[in-house]
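In: Build me a structure from this.
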Amino acid sequence: MSKEVFDTIPENIQLLLKERGLSDLRPSQEKSIKKGLFKNNHNQVVCTPTGSGKTLVAELGMLDCILNKKKRVVYIVPLKALASEKYREFKDQYSKMFNIRIAIGELQTERYSYDYDLLLVTAEKFDSLIRHNKEVLDNLGLVIADEIHLLNDDKRGPTLEILLSIFKTKYPRIRIIGLSATIGNAKEIAKWLRADLVEDEWRPVELQQHVLLGDEMIRYK
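Out: Coordinates of the predicted model:
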């Protein structure tokens, strides 16, 4: 990571990165920062391979929004299990710094849904929350849409599309960061969201393709 890029990261977030032993950022993270992750309020669509560091891009935006801009963040995931996983992960890391809540349908979490700095939800649950009480949108500064390629999914796509359309048209002040490893029409989605597109092919493990010919495995690419 170049010193020039590192210096654009807010000092309090630099310190958190160093405490976690993160002294180097991956290409997609550098590209996102260069495109204004900390400098402007533009939407971003981050389309890079699995393991390339997309989640940290969202996490950096999340930390800046909560700690520096003093606004709230909603993190939308497609599955309850993934919401629970992210909730545990962020709770372990940041629970002493800000309020982290989860709303995926369990009754015991309902009363916490509006008392949050970071809220983990599924698209369906968030759609229900904002229909019943617009309070959940108060002081909301960032929406992170994980697995944004699921816009094309027959079951989950329509709800996610409606949510993002609402933010795009009625609440343009709320920033959107979309994450995907498998999106096929990244440019179209970025254009639809009026977002900066961050693309990169770097991956932590080389991707190889092989063909099985008889009993022999032959490398194809």
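
In: Averaged over its residues, which helix or strand of this structure has the lowest pLDDT?
Out: Least confident helix or strand, the chain: helix 107-110 with a mean of 48, by mean pLDDT, DSSP states H and E.

In: what helices or strands is the helix or strand L197 falls within leaning on?
Out: Following DSSP states H and E, one finds L197 within strand 195-199. Counting contacts by 3 or more Cβ pairs under 8 Å, 6 or more residues apart in numbering; DSSP states H and E, strand 195-199 packs against helix 27-34, strand 43-47, helix 186-192. In short, each C-beta sits where N, CA and C put it, glycine included.

In: change it to 10 Å
Out: Secondary-structure packing of strand 195-199 (3 or more Cβ pairs under 10 Å, 6 or more residues apart in numbering; DSSP states H and E): helix 27-34, strand 43-47, strand 175-180, helix 186-192.

In: Packing partners of whichever helix or strand comes after the shortest one?
Out: Next along the chain after strand 43-47, taking DSSP H and E as the criterion, comes helix 54-63. Of the remaining helices and strands, those touching helix 54-63 by 3+ Cβ pairs under 10 Å, 6+ apart are helix 11-19, helix 27-34, strand 43-47, strand 72-77, helix 80-94, strand 140-145, strand 175-180.

In: got JSON lines for the helices and strands packed on strand 195-199, with distance to R156 too?
Out: What follows is these, written out as JSON lines (distance: least, Cβ to Cβ, whole Å):
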{"stretch": "helix 27-34", "distance to R156": "24"}
{"stretch": "strand 43-47", "distance to R156": "18"}
{"stretch": "strand 175-180", "distance to R156": "13"}
{"stretch": "helix 186-192", "distance to R156": "15"}
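
In: Can I get those in a markdown table including distance to Q93 and mean pLDDT?
Out: Formatted as a markdown table, these follow (distance: least, Cβ to Cβ, whole Å; pLDDT from 0 to 100):
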| stretch | distance to Q93 | mean pLDDT |
| --- | --- | --- |
| helix 27-34 | 17 | 89 |
| strand 43-47 | 20 | 93 |
| strand 175-180 | 18 | 94 |
| helix 186-192 | 29 | 92 |
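
In: and of these, who's closest to I104?
Out: When the helices and strands packed on strand 195-199 are compared by Cβ to Cβ, strand 175-180 sits nearest I104, at 18.8 Å.

In: Could I get the CA-only coordinates of that closest one as PDB?
Out: Only the C-alpha atoms of strand 175-180 are listed here, as PDB (Å, rounded to 0.1, in the frame of the first residue of the first chain):
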ATOM      1  CA  ARG A 175     -24.900   6.400   0.400                       C
ATOM      2  CA  ILE A 176     -25.000   2.900  -1.100                       C
ATOM      3  CA  ILE A 177     -22.000   0.500  -1.300                       C
ATOM      4  CA  GLY A 178     -22.700  -2.700  -3.200                       C
ATOM      5  CA  LEU A 179     -20.500  -5.800  -3.000                       C
ATOM      6  CA  SER A 180     -20.300  -8.800  -5.300                       C
END
